[in-house]
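Asker: Give me the fold of what follows.
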Amino acid sequence: MQNEIIISGFGGQGTLYAGQLLAYAAMDDGRHVTWIPSYGPEMRGGTANCTVVISDQEIGSPSVKYPRAVLAMNLPSLDKYEPLVAVGGCLVVNQSMVNRAVTRTDLRVVALPANAIAMEIGNERATNMVMLGALMANMDILPEGALERALKAHTAQRLQKFVEMNTRALARGAEYKAN
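Answerer: Residues are numbered from 1 along each chain as shown. The predicted structure follows:
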């Protein structure tokens, strides 16, 4: 089985890190993986997205036209990627940064106030983990606990103090189910 995921938002929202963590978790699980970041020249505030392809078999191409899942961290990302999600796919929307409803009815939509949840946990920078937790709870991509194990294994020593918070953020996001 192959899963194509696009994570998109503004620079500084942790979109690339979320994709990288997903890729590490898949590699640790023995899957074939590609991770392709894309970002504007701005350090923060410009567009940033990444494409992650996870497969049980070799991956023919890392480029994705119609992803099975999209994490839209902000309104421009929703506007850009909503039309491209494969029919029956999963669209995870950060309601904290989006002021409109999803218009397509042929998708599983998970809408959650990810920034607000991250603030409740104690750090708005955990928004990306809240979104990733929602994705994992609504799609059969990796075994339960794979992201948590990857967080522990692949987070730099100086950042290990954030692993527990990010683990809580994943769990809080996982509480949200598609409508």
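Asker: Return, as residue ranges, the portions of the chain with sub-threshold pLDDT.
Answerer: 41-45 (pLDDT under 70).
Asker: Now do the strands in it.
Answerer: Along the chain, the segments classed as strands by DSSP state E run 2-10, 32-39, 47-55, 69-72, 90-94, 108-112.
Asker: How about the spatially most central residue of the chain, nearest residue that isn't a chain neighbour?
Answerer: The centre of the chain sits closest to residue 132, judged by CA atoms, centre = their mean, with a distance of 4.1 Å. Leaving out its chain neighbours, the residue that sits closest to residue 132 by CB to CB, 6 or more residues apart in numbering is residue 18, at 5.0 Å. Heads up, the C-betas are built off the backbone N, CA and C, glycines and all.
Asker: which strands and helices sit next to the longest helix along the chain?
Answerer: Among the segments of the chain that qualify as a helix by DSSP state H, the longest is helix 15-28. Here helix 15-28 touches strand 2-10, strand 32-39, strand 47-55, helix 127-138, helix 146-154, going by 3 or more CB pairs under 8 Å, 6 or more residues apart in numbering; DSSP states H and E.
Asker: Just checking: what are the partner strands of the shortest one?
Answerer: Take DSSP bridges as the rule and strand 32-39 pairs in its sheet with strand 47-55 (antiparallel).
Asker: Now find how far off-centre the partner strand is within its chain.
Answerer: 9 Å (CA atoms, centre = their mean, to the nearest Å).
Asker: In contact with residue 1, which residues are there?
Answerer: 55-56 (CB atoms under 8 Å, 6 or more residues apart in numbering).
Asker: next one: the one 3 residues further on
Answerer: With contacts defined as CB under 8 Å, 6+ apart, the neighbours of residue 4 are 51-53, 64, 66-69.
Asker: at 10 Å instead, please
Answerer: 34, 51-55, 59, 62-70, 85-86, 89 (CB atoms under 10 Å, 6 or more residues apart in numbering).
Asker: Apply the buried test to those and list what passes.
Answerer: In those, burial by neighbour count holds for 34, 51-55, 64, 67-70, 85-86, 89, counting by 16 or more other CB atoms under 10 Å.
Asker: ok and the longest helix of the chain relative to helix 146-154, angle-wise?
Answerer: Orientation check (axes from the mean of the first three to the mean of the last three CA atoms, to 10 degrees): helix 15-28 against helix 146-154 gives 100 degrees.
Asker: Which positions within helix 15-28 qualify as buried?
Answerer: 15-26, 28.
Asker: what's the angle from it to helix 127-138?
Answerer: Using the same axes, to 10 degrees, helix 15-28 lies at 40 degrees relative to helix 127-138.
Asker: picking that back up, which single one of the buried ones among the contacts of residue 4 is nearest to residue 166?
Answerer: residue 52 (17.4 Å; CB to CB).
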